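[1] Sharing a model that was predicted from the sequence below.
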Amino acid sequence: MTVPARDAAQSMYADDAASKSLGITITEIDYGRAVVTMTVRDDMVNGLDICHGGLIFSLADSAMAFATNSYNHYAVATNAEIDWVAPARRGDVLTATATERHRAGRNAITDVVVANDAGEVVAHFRGRTRQVEGRHIPDAD
């Protein structure tokens with residue numbers, strides 16, 4: 001039986017304390033694709049009164065994780081880079097859309113675009129993942 005992408009993502013999210021602590025929620029999921037959101041809270045802004053770049057990176061990384069783990073196989077990041085192109089501000093609802101661009105064997109490349117609630121792009125992220133031993137829903141597939 002093939003596990004639906006949503007079931008694999010929900011199983012993973014259930015144990016994802018990091019994403020939960022940042023208020024990240026999954027709004028869309030499919031095989032190799034995920035959309036997640038996060039609201040920039042007061043405790044997420046830096047000394048320049050903008051969202052800390054590391055938190056935007058974490059949002060994009062979570063989107064990539066849900067996209068690449070949607071096949072019910074554990075997948076971990078092996079490399080990632082981000083370009084911040086505009087600031088995110090307190091109160092912004094950020095949406096990270098992850099789209100798998102390439103998958104070969106156990107390796108994948110995923111692009112993530114992070115935008116604010118006005119639709120302005122905040123960051124471009126590219127990550128690479130590798131499937132490892134384990135499944136989110138054991139005894140499936």
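    Looks like it arrived, so ask away. Numbering: from 1, shown residues only.

[2] contacts and neighbour counts: CA atoms only from here.
    Will do.

[3] what sits against the most centrally placed residue in the chain?
    Residue closest to the mean C-alpha point of the chain, counted by C-alpha atoms, centre = their mean, is Ala63 at 1.2 Å. By C-alpha atoms under 8 Å, 6 or more residues apart in numbering, Ala63 lies in contact with Ala34, Val35, Val36, Ala96, Thr97, Ala98, Val112.

[4] Among the residues you listed, which one has the most neighbours?
    With neighbours taken as other C-alpha atoms under 10 Å, the top of the contacts of Ala63 is Ala96, carrying 32 neighbours.

[5] Thr27 contacts Val35, correct?
    Yes - with contact defined as C-alpha atoms under 8 Å, Thr27 counts as touching Val35 (5.6 Å).

[6] Quick check: buried residues in the longest helix seen in the chain?
    The longest helix of the chain (DSSP state H) is helix 53-68. Buried residues in helix 53-68, counted by 16 or more other C-alpha atoms under 10 Å: 53, 56-57, 59-68.

[7] Would you map the helices across this protein?
    Counting by DSSP H, the helices of the chain are 5-14, 17-21, 53-68.

[8] Can you give me the buried ones in the shortest one?
    For helix 17-21, the buried set under the neighbour-count rule, 16+ other C-alpha under 10 Å, comprises Ser19.

[9] swap in the first one?
    Of all the residues in helix 5-14, those buried under the rule 16+ other C-alpha under 10 Å are Ala5, Arg6, Asp7, Ala8, Ala9, Gln10, Met12, Tyr13.

[10] list the contacts for the last one?
    Read it as Tyr13. So Tyr13 contacts Ser19, Lys20 (C-alpha under 8 Å, 6+ apart).

[11] what pLDDT, on average, does the longest helix of the chain get?
    Averaged over helix 53-68, pLDDT sits at 98.

[12] Between the contacts of Ala63, which sits nearest Arg130?
    Ala98 (15.9 Å; C-alpha to C-alpha).

[13] pretty sure that closest one contacts Ile109?
    No - look at Ala98 against Ile109 with C-alpha under 8 Å: they stay out of range, at 10.3 Å.

[14] Would you confirm that Asp75 contacts Arg128?
    One correction, residue 75 is Ala, not Asp. No - counting by C-alpha under 8 Å, Ala75 stays clear of Arg128, with 9.7 Å between them.
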